[in-house]
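Chemist: Give me coordinates for this.
(one chain, ligands or ions: 1)
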Amino acid sequence: MNDTPSTAPTSPSGDELVALDRRHLLHPWTPHGVSEQLMIVAGQGCEVTDAHGRTYLDGRSGQFNATLGYGNKRVLDALSEQAGKLMTYALLGASNEPAVLLGARLAELLGEPLTRTLFCNSGSESTEAALRIVRMYHAISGRPERTTIISLADCYHGTTTAATAMMANPMAWTGCGPRPEGFVQIPSPTRCGACAAGAEHEECVVPGPEALEEAILAAGADTVAAFFVEPVLGVGGIRPLPDGYLRAVREICDRHGVLLVLDEVTTGLGRTGAWFAHQREGITPDLVTMAKGLTSGYAPLAAVTMTERIADVFATDPMLGGLRHGHTTSGHGLGTAVALSVLRVIEEDGLVENAAAMGDRLQSGLREQIGSLDGVRDVRGLGLMVGVEFDSMARGFEVQAACAAAGVIVRCEGTVLSVAPPLIVTAEQVDRIVGALRDAVAASTGEFP
Ligand code: PLP
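Modeler: Okay, the predicted model is just below:
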């Protein structure tokens, strides 16, 4: 019997959805059978409702992307208005209005000389595009031997073959065939769980930016194309880079003719209390990738913004006189119209400032309430991107489950639980998240603050 409904005269029950999900979906990065824990059917503001009618405060913004929360009327209006006008058209000599306006707005937000944008559909695609752009840029400029890509060992830049080649984590590439050549990882400049030597917190020596220079020299400076880096290692454990690190690697890259690519897929567009996290360090990257918060999850869209100097080189490409890269849906009208409205809402509602203020409240609340409890190794973060590191994975998952039972969604990966509510979160909601975590950790350790 085929249990897939061909039409949907009535909505399936929660249990039916779970059964269909188990049978027909293959979930990304999810152990089989786990997906039915959260079968979300609707959302409003910072809250989501599951198929069983339970409502949760979304302490993780979906997958870090729902920065405006759910059901934002201004975004939904922009989406439906554009849908009635024109969906697509941005490839092979064509362009469209929202894509052009969004490119211009991103140039304003990033500032000179980051003025030229290529659109794609996911964060991984933006990594892939940036990678091909930096290699082609060098090749067209007469330096075809500059192909090596350097990244941090604990990075996450996406799930394409090239993006996984940047990661040291064998979860990303085991069993996927030969790894592409030309990728070098350096130790991450962050403490504890990410320490390559597995040293205890206190004795861990944090590798500094000099690891980049050593890797460039070891590879041969004239063979290195670019260094890719996230301002906060996200999947790698919500680890902000130390102050000054980005300024130091900018100098090192300049010294050796290496391009600096900032992966702002998660950190960009307000998440850290700045429009872009690298702006906090006052540096100018050569390329910036972004996705998640760009559309707040209302439509798929990602982007790579680069300097004029890099973009202009493609005019001299001997094969095309342009960039040999792109997708049918690059610059899709819906995604770009949604992104324009999202950026407008962020500005009109002062959400970058709210992210900074609520991020401070969240981090100080968590430090005060659970920072010194047994079982909690660290509370850290930047703006509204916060990680709580536990002494074991089991404790992290216990706390995640207890928070869900209390109506708050947070998520544990390895030993680190991430907390990243939408940028619209209120003080009262932040306090609810902190309270749920306090109660969950206290119940797990038997120690009450
Ligand atoms: N880069 C970073 C820093 C990310 O965190 C992610 C996803 O989590 C990606 C790239 C890949 O983005 P996507 O999942 O949209 O392909």
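
Chemist: if I look at the residue lying closest to residue 325 once chain neighbours are set aside, how far off is residue 139?
Modeler: Take residue 325 and drop its neighbours on the chain: the residue closest to it by CB to CB, 6 or more residues apart in numbering is residue 132, 5.3 Å away. (Glycine included, C-beta is placed from N, CA and C.) The gap separating residue 132 from residue 139 is 10 Å, by CB to CB, to the nearest Å.

Chemist: what's the answer for residue 444, then?
Modeler: Distance, residue 444 to residue 139, by CB to CB: 54 Å.

Chemist: ok, those two, which is more surrounded?
Modeler: Using other CB atoms under 10 Å, the more surrounded residue of residue 444 and residue 139 is residue 444, with 21 against 17.

Chemist: Wasn't the more buried one part of a helix?
Modeler: Yes - if the criterion is DSSP: H, G, I helix; E, B strand; the rest coil, then residue 444 is within a helix.

Chemist: That one reaches residue 396, doesn't it?
Modeler: No - counting by CB atoms under 8 Å, residue 444 sits too far from residue 396 to count as a contact (9.4 Å).

Chemist: residues contacting the residue in the stretch 51-200 of the chain that the ligand sits nearest to?
Modeler: Residue of the stretch 51-200 of the chain nearest the ligand, by CB to the nearest ligand atom: residue 123 (2.1 Å). Residue 123 is in contact with 157-158, 263, 265-266, 289, 291-292, 302, counting by CB atoms under 8 Å, 6 or more residues apart in numbering.

Chemist: Of those residues, which belong to strands?
Modeler: In strands, defined here by DSSP state E, the members of the contacts of residue 123 are 263, 289, 302.

Chemist: my guess is residue 343 meets residue 105, correct?
Modeler: Yes - the pair residue 343 and residue 105 passes the contact test of CB under 8 Å, sitting 5.7 Å apart.

Chemist: For these two, work out which one has more neighbours and name it.
Modeler: residue 343 (23 against 17).

Chemist: Could you tell me which residues within the helix or strand hosting residue 359 count as buried?
Modeler: For residue 359, the element it lies in under DSSP states H and E is helix 351-370. Within helix 351-370, the residues that count as buried by 16 or more other CB atoms under 10 Å are 351-352, 354-356, 358-359, 361-363, 365-367, 369-370.

Chemist: Now tell me what touches it from outside.
Modeler: By CB under 8 Å, 6+ apart, helix 351-370 touches 67-68, 270-275, 345-346, 376, 379-386, 388, 419, 421, 423-427, 430-431, 433-435, 437-438, 441-442, 449.

Chemist: Quick one: residues contacting residue 237.
Modeler: Listed by CB under 8 Å, 6+ apart, the contact set of residue 237 reads 154, 190, 193-194, 387, 389, 413-416.

Chemist: Max pairwise distance over these: which two?
Modeler: Pairwise distances across those (CB to CB) peak at 15.3 Å, for the pair 190 and 413.

Chemist: Tell me which of the two has more neighbours.
Modeler: Set side by side, residue 190 and residue 413 show more neighbours around residue 190, with 24 against 17, by other CB under 10 Å.

Chemist: What residues does the more buried one make contact with?
Modeler: Shown here is residue 190, whose contacts under the criterion CB under 8 Å, 6+ apart are 154, 206, 233, 236-237, 239-242.

Chemist: From the chain's centre, how far out is stretch 167-175? Work that out for me.
Modeler: Chain-centre distance of stretch 167-175: 19 Å, with CA atoms, centre = their mean, to the nearest Å.

Chemist: Can you measure across stretch 110-117, start residue to end residue?
Modeler: The first residue of stretch 110-117 is 11 Å away from its last residue (CA to CA, to the nearest Å).

Chemist: if we look at that stretch, which residues are touching it?
Modeler: With CB under 8 Å, 6+ apart as the contact definition, stretch 110-117 has outside contacts at 102-103, 106-107, 275-276, 284-285, 288, 303-311.

Chemist: for stretch 372-382, same thing?
Modeler: By CB under 8 Å, 6+ apart, stretch 372-382 touches 191-193, 201, 231-232, 238-240, 267, 272-273, 277, 359, 362-363, 366-367, 370-371, 386-392, 395, 415, 419, 441-442, 444-445, 447, 449.
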